[in-house]
Structure formats: structure tokens, C-alpha cells
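A.B. asks: only the shape, not the letters, is given here:
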Ligand SMILES: O=P(O)(O)OC[C@H]1O[C@H](O[C@H]2O[C@H](CO)[C@@H](O)[C@H](O)[C@H]2O)[C@H](O)[C@@H](O)[C@@H]1O
């Protein structure tokens, strides 16, 4: 029996004590050229709306919390942004972050989009893939010089001043006392969450959402790999009376 079907059986016994957790970019929102163009896939809205009244939903994302609140307005979801890391910096760290942002914008080619985040900067080379080695080299120098942490994602590297949390730690905390837990993600940052699922003693399902640049490690560790359209259908199947819905 596929893992999702086993998860669904357990979930339907007691939806109120289950948890459905999702990454945002690449999972609930298609990957687009620049971060500010990203939007919740319109086909996700209705299933998430219906499920939010039946069970607990968590959005665990590297995006800032305020940004996610706007994206999920009108939906009953718990939002954990910035990988669960604090979003306020000490005055000294704020100065360092602003300096790094200014230097990245001055020293890297203008085709590199520098994203200002609450405790990090993300350097996007999606629109200039040839510049990946230059961007990584620049980021590695800053990592060593300022004792930062460097994380990789889809056409992006992120230099974080605080790395006290990750998606795995967030999911571990949210999963306590649940009878069934599902997590869906699409990038390297989601691997820690999929690993946590493997330690839980309840019905779980880890989904790798397939799009461009899906990391091999993610699809290897996930129970199933699905397209975003399949994920929509899986969510619809968790709503009692699902037959009334038109599946895609
Ligand atoms: O944890 P997530 O919700 O998956 O956020 C991870 C990062 O996603 C964003 O970047 C990615 O999506 C962009 C929009 O589709 C795309 O242009 C970029 O290439 C991707 O890496 C976001 O900009 C980052 O801040 C998030 O950390």
C-alpha cells in the first residue's frame, strides 16, 4: 500500500489530532523568476481552506513570517517563517546585515537579486545562472570572515547571521502528540523535516514535490514524489465528502 494511502487511513480516523505541514516556494507556490512574483497556487486555496477547518495546517518556510501572513490571508494555518529562527537581530547584527546587503549589491553584478531577509541575505542567480560560481565564491568569503552560515537552495545561496533553527526542528516540535503527520517540500531546506518524519512513531507521509531542479537527496528520502497537481488531489482526498470535488 503506498505511504500516502496508509497516512490517509490514519488521518481520517482523527483529523483533529493530525498535522499537515507544507513548505511554500516550489511546493504550494510555483517557482518563478524572482521572489516577489511568487503566489500561492490558486488550486491550493480551496483544499487548504476546507482542510483548515478540519485539521491543523502548518506552513514552515524560509520566507519572512509577515510575507507568509499576507500569502495565507483568509486561511486557517499556523505560520512559521524564517525557518523558525528569530526575526529580530541585536543592534550589532543589524549593522552587519545592512553592511552585507550593501556590499552584495555593490560588489556582485546587477543581475544577481539580493533579497533582504529578517536575519539573512539570499543571493539569487536564477536570472544569471552563469554567475553561480562567482556568487558562491563571494558568499563563502563572507561566511568565513563573519562566521555566518551558508545554505543552498534552488538558484540561491543564503547567508544567515542566525541559524538556530531549521525546518526539522520546527516540525519536531509541532508533531508532538499527533496521530498522523504529513510534510511536503521541494528543496534542500526540506530534507531536515523529512528526516524528522522518519523518527515519528505515528503514521507519516513525506512528499517531495517535483519541479525543476528537484534535489536528488530530497526525492530519495521522501516516501513519494508528486507533482503540484497530484498534491492538490492528495489534499482533496483528505476532505471527507471528497467525491463532490472535481479532481484535476
Ligand atoms: O522554504 P521555502 O518556502 O521553500 O522558501 C525557500 C526560499 O524560497 C524563495 O526562493 C525560491 O523561490 C523563488 C520564487 O519562486 C525563486 O525565484 C528562487 O530561485 C527560489 O530559490 C525565497 O526567495 C527565499 O527567501 C526562500 O528562502
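C.D. replies: Happy to help now that I have it. In this text, all values refer to a predicted model and were calculated from it rather than measured experimentally.
A.B. asks: just the helices in the chain please.
C.D. replies: 3-13, 42-52, 65-71, 91-107, 132-146, 167-174, 191-199, 216-221, 228-236 (DSSP state H).
A.B. asks: what residue in the chain comes nearest to the ligand?
C.D. replies: Closest approach of the chain to the ligand (Cβ to the nearest ligand atom) occurs at residue 62, with a separation of 2.8 Å. To be clear about C-beta, it is placed using only N, CA and C from the backbone, and glycine gets the same treatment.
A.B. asks: neighbours around that residue, how many?
C.D. replies: Counted by other Cβ atoms under 10 Å, the residues lying close to residue 62 total 26.
A.B. asks: coming back round to it: present the helices of the chain as TSV; the columns should include mean neighbour count, mean pLDDT and distance to the ligand.
C.D. replies: Listed next are those as TSV, based on neighbours: other Cβ atoms under 10 Å; pLDDT from 0 to 100; distance: least, Cβ to the nearest ligand atom, whole Å:
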stretch	mean neighbour count	mean pLDDT	distance to the ligand
helix 3-13	17	96	21
helix 42-52	17	98	13
helix 65-71	15	97	8
helix 91-107	14	98	13
helix 132-146	15	98	12
helix 167-174	20	98	7
helix 191-199	19	98	10
helix 216-221	14	96	11
helix 228-236	20	98	12
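A.B. asks: can you list the domains in this protein?
C.D. replies: 3-85+165-244, 107-160 (automatic domain parsing).
A.B. asks: wait, residue 83 touches residue 168, no?
C.D. replies: No. Look at residue 83 against residue 168 with Cβ atoms under 8 Å: they stay out of range, at 9.6 Å.
A.B. asks: residue 190: neighbour count?
C.D. replies: Residue 190 - counted by other Cβ under 10 Å - has 33 other residues nearby.
A.B. asks: tell me how far it lies from residue 174.
C.D. replies: According to Cβ to Cβ, to the nearest Å, residue 190 and residue 174 sit 14 Å apart.
A.B. asks: residue 113 too?
C.D. replies: Counting by Cβ to Cβ - residue 113 and residue 174 are separated by 31 Å.
A.B. asks: do the same with residue 182
C.D. replies: The gap separating residue 182 from residue 174 is 12 Å, by Cβ to Cβ.
A.B. asks: in contact with residue 200, which residues?
C.D. replies: By Cβ atoms under 8 Å, 6 or more residues apart in numbering, the contact set of residue 200 is 175, 178, 181.
A.B. asks: hmm, residue 17 is touching residue 179, no?
C.D. replies: Yes. Using Cβ under 8 Å, residue 17 is in contact with residue 179, at 4.5 Å.
A.B. asks: please name the residues that touch residue 28.
C.D. replies: Residue 28 touches 22, 40-41, 44, 48, 59, counting by Cβ under 8 Å, 6+ apart.
A.B. asks: the residue of the chain closest to the ligand contacts residue 83, doesn't it?
C.D. replies: Yes. When contacts are counted by Cβ under 8 Å, residue 62 is listed as touching residue 83 (5.4 Å).
A.B. asks: any common contacting residues for these two?
C.D. replies: Listed as contacting both residue 62 and residue 83 by Cβ under 8 Å, 6+ apart are residue 189.
A.B. asks: distance of residue 8 relative to residue 146?
C.D. replies: In terms of Cβ to Cβ, residue 8 sits 47 Å off from residue 146.
A.B. asks: do I have it right that residue 150 meets residue 159?
C.D. replies: Yes. Taking contacts as Cβ under 8 Å, residue 150 lies within contact range of residue 159: 5.9 Å.
A.B. asks: anything in contact with each of those two?
C.D. replies: Joint contacts of residue 150 and residue 159 (Cβ under 8 Å, 6+ apart) are 139, 143.
A.B. asks: more neighbours, the two?
C.D. replies: Applying other Cβ under 10 Å to residue 150 and residue 159 shows that residue 159 carries more neighbours, namely 23 against 16.
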